[in-house]
Structure formats: C-alpha cells, structure tokens
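Trainee: just a sequence and a predicted model for now, questions to come.
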Amino acid sequence: MSPEALPPSRRTLLRAGTAAALALTAAGCGFAPHDDPADRAAAETPVDARVDGDLVYFNWADYVDPEVFEGFQREYGVKVIQSNFDSMEGMAAKLGAGNRYDVIFPSAKWAQRLAAGGRLRRIDHSRLRGADALFGTYGYFTDPWYDPHSAHTVPFTMYKTGIGWRRDRLGDLDGSWQDLWSDRAEGRVFVLDDRDEVLGLGALKLGLPLTTDDPADLGRVTDTLRSLRSRLRGFSSDSYNNLLNGNADMTQAWSGDMAAMLAQAEDPSVFGFETAREGAPVNSDCYAIPANARHPGTAMLFIDYMLRPENVKRNIAYIGYPMPVRGTEDAYAALVEPFPQCVVTADDLKADLFYRNGDARGERARDAAWTEVKAG
C-alpha cells in the first residue's frame with residue numbers, strides 16, 4: 001500500500017471527555033440497565049452465525065481495510081452500512097440514545113460498562129470457526145478482567161503506550177518516562193490529549209498504581225505533571241503526524257499509530273519508539289454485538305470472517321495494530337521491525353497495566369486532576 005493510501009491515525013480525534021462518560025454510567029462503572037425486556041432476554045441468548053440481513057457497522061473511521069469489507073459483501077451477499085464515532089463517549093451516547101448497530105468496537109473498559117449494563121449479546125465462541133486461533137493461543141482473552149470468559153466480546157486489536165521521538169534530533173533515549181522531561185526536547189514535546197494516558201504516565205513514573213484515584217496519590221501525580229506542563233508544546237493525540245511534520249521531537253504515543261507512521265516515513269531510521277521500564281500501559285479493542293442488534297447473525301459471520309488469518313494480515317498492514325490471531329504474528333513483527341517495542345505479547349497483557357473503570361467518586365477525582373494538569 002502506498003503512503004498516500006494509509007488511513008489517518010485511528011485515534012487522531014480521540015479525546016478524554018469523561019464527564020460525558022460519567023453521565024452514561026450507573027454506580028460509576030456501568031450503563032444503566034437496559035429497560036427493554038425483549039432486549040434484556042436477547043442479550044443472554046447466544047447467536048447463530050447466519051445471514052439475517054445487512055450489517056450495520058459502528059467503529060472508528062478507517063479501522064478496517066476496505067478490501068476486507070468488499071470480500072465479506074461478495075461472499076455473503078450483504079451490504080455493510082457504515083457509521084463512525086470519534087470517541088468512546090460518542091459511541092456510548094449513540095447506543096444510549098437507542099441507535100441500533102449490529103457490531104461495535106469498544107475498548108476494554110467500555111466493554112465492561114456495556115456488558116454490566118446488559119447492552120451486549122452473549123457470544124458463544126463455539127459458533128465461531130476462527131475462535132481457536134485466537135483463544136487457543138492468547139489464553140489471556142479466555143477470561144479477561146473486563147468481560148469474564150469473554151462472554152460478550154471477541155478481542156480485535158491490542159496496543160501499548162510509549163514514547164515516539166526523532167532520533168535525528170535527539171539521538172537515543174533512556175527508556176524511561178523521565179525522557180519526556182529531557183532538556184534536549186524542551187518546548188517540542190507532546191503528550192496525548194487523554195486523561196487516563198497522561199495521569200497514567202505520571203503514576204507509573206512515581207511507582208503508583210496506573211489508575212489510582214487516591215487523593216494523596218493524585219496530588220503527587222499532578223505535582224509531577226505540573227513540572228512537565230511548562231515544558232510541553234501541547235496535548236495532541238495525532239502523535240505520528242506531529243513527528244512526521246516536525247512539530248514534535250518527542251511525543252507520548254500509541255504503538256499502533258507509530259507502526260502506521262512507518263508507512264509514511266521516507267526514512268524510518270529517523271524515528272524511534274520505546275516503552276518505559278516503569279511500565280507500558282496496554283489496551284485492547286473488542287468486537288461486540290449490541291443487545292438490540294437487528295442482524296446479530298450477520299454480525300457473527302462478520303466477526304468470524306475478520307478472524308481469518310488472511311483478513312487479519314490485511315488489516316494489520318492497513319491500520320498498524322496487531323490482532324491476537326495465531327499465524328499473523330510474523331506479519332506484524334515485519335511491519336514494525338524498526339520499532340520492535342510496538343509488539344504486544346502475552347506477557348504484556350498479563351502485566352495488567354490496563355486502564356480500569358472506577359466508581360463515581362474516583363472518576364470525579366481523576367477528572368479534577370486532569371483539569372488541573374491541563375490548566376498548568
């Protein structure tokens with residue numbers, strides 16, 4: 001694929017609008033239970049993989065290779081009707097308003113919220129022909145914290161958070177979150193425009209729990225980040241474009257976006273990506289079928305089609321994010337050969353550095369800390 005064909009960063013528009021998230025939660029971590037008895041009953045009924053209509057698809061823009069969509073439509077004689085969101089909060093708001101989709105792609109913590117609120121269909125893995133290539137190899141996902149026994153989700157992508165930088169301007173880094181405070185890069189550093197990621201780097205740097213909501217911990221985190229705030233050029237989730245166009249010498253970055261950047265870089269050796277020894281947050285996005293989906297059978301067929309190794313490899317090349325399907329690991333490793341720390345392993349998943357949902361009090365405390373950090 002030519003550099004011009006590369007899709008924009010999957011998270012370019014991501015923002016951490018957690019106030020919207022809190023408005024959609026009950027008891028701080030779940031959606032209010034679904035009030036439609038038929039939908040509640042449907043949520044617990046396993047779905048057969050069969051054509052039962054066109055596929056109404058809701059995801060980030062440009063997060064599946066168009067050739068994969070075309071192949072699915074040809075094979076099953078259906079249309080893929082696409083809608084896109086630009087944040088998890090936006091996705092949740094659409095679902096909360098009653099919009100109907102057949103397949104959605106929540107991140108781990110949002111999958112937990114949706115499942116707890118009875119908003120997702122139960123998925124019987126035995127009805128997916130490609131399930132063993134995933135669950136039989138990546139045992140972590142047989143019982144992840146966000147969805148016990150993966151009863152309502154199937155993992156889609158995995159990614160880590162680290163630091164991207166320009167080697168041509170800074171040379172080598174030291175492999176620590178402290179690198180963001182480097183005098184060599186002062187005034188040309190970005191961090192992600194994301195509450196959890198920025199508070200998380202401060203917590204890890206101090207040896208604190210990743211998603212701490214303890215007031216004393218958060219006080220230490222905000223003090224630490226205040227010392228960084230004055231050295232920043234800004235907050236931006238468009239990490240790879242900031243590096244490519246020279247706006248940044250260094251940026252907090254998602255591993256998948258750094259892998260995508262490689263396809264656009266004229267000389268990849270100019271750039272680097274590291275994960276910090278104090279800890280690298282890890283996350284995953286999931287396939288899920290809403291409880292009110294009109295065509296859940298077609299959604300199951302689509303998930304199974306997406307799990308075929310040949311389609312996984314196409315998507316890896318297109319979006320730059322690895323997918324936990326046996327037989328595709330080499331494709332991702334080859335893509336990120338200049339940035340080997342982009343690779344997400346089973347050990348990374350087991351390190352348990354996922355962002356978790358807190359209760360309402362804890363979320364308010366983290367919102368207040370984030371507001372303080374951004375204000376400087």
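Mentor: Perfect, thanks for sending it.
Trainee: so where do the helices sit in the stretch 101-250 of the chain?
Mentor: 108-116, 131-135, 167-170, 195-205, 215-229, 239-244 (DSSP state H, counting those that start in this stretch).
Trainee: any chance of these in CSV with distance to P340 and mean pLDDT as columns?
Mentor: From N, CA and C alone the C-beta is placed, and that goes for glycine too. Below are the helices of the stretch 101-250 of the chain laid out as CSV (distance: least, Cβ to Cβ, whole Å; pLDDT from 0 to 100):
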stretch, distance to P340, mean pLDDT
helix 108-116, 24, 95
helix 131-135, 23, 96
helix 167-170, 15, 96
helix 195-205, 21, 97
helix 215-229, 27, 97
helix 239-244, 17, 89
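Trainee: so where's the longest strand in this structure?
Mentor: For the chain, the strand reaching the highest residue count under DSSP state E is reported as strand 153-166.
Trainee: re earlier: out of the helices of the stretch 101-250 of the chain, which is closest to T298?
Mentor: Evaluated over the helices of the stretch 101-250 of the chain, closeness to T298 peaks at helix 131-135, with 17.6 Å, by Cβ to Cβ.
Trainee: run me through the strand neighbours of the longest strand of the chain, direction for each.
Mentor: With DSSP bridges as the test, strand 153-166 is paired with strand 250-254 (antiparallel), strand 271-274 (antiparallel), strand 282-288 (antiparallel).
Trainee: for L173, which of the ones you listed is the nearest?
Mentor: Here strand 271-274 is closest among the strands paired with strand 153-166 (Cβ to Cβ), at 5.8 Å.
Trainee: send me the closest one as CSV with only the CA atoms.
Mentor: Extracted in CSV, the C-alpha atoms of strand 271-274 (Å, rounded to 0.1, in the frame of the first residue of the first chain):
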residue,chain,number,x,y,z
PHE,A,271,12.3,7.9,14.2
GLY,A,272,12.2,5.7,17.3
PHE,A,273,9.6,4.2,19.7
GLU,A,274,10.2,3.0,23.2
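Trainee: for the record, mean pLDDT for it?
Mentor: Mean pLDDT, strand 271-274: 96.
Trainee: got it, and stretch 279-291?
Mentor: Stretch 279-291 comes out at a mean pLDDT of 96.
Trainee: do I have it right that L170 meets T251?
Mentor: No. Contact criterion Cβ atoms under 8 Å: L170 and T251 do not qualify, at 11.6 Å.
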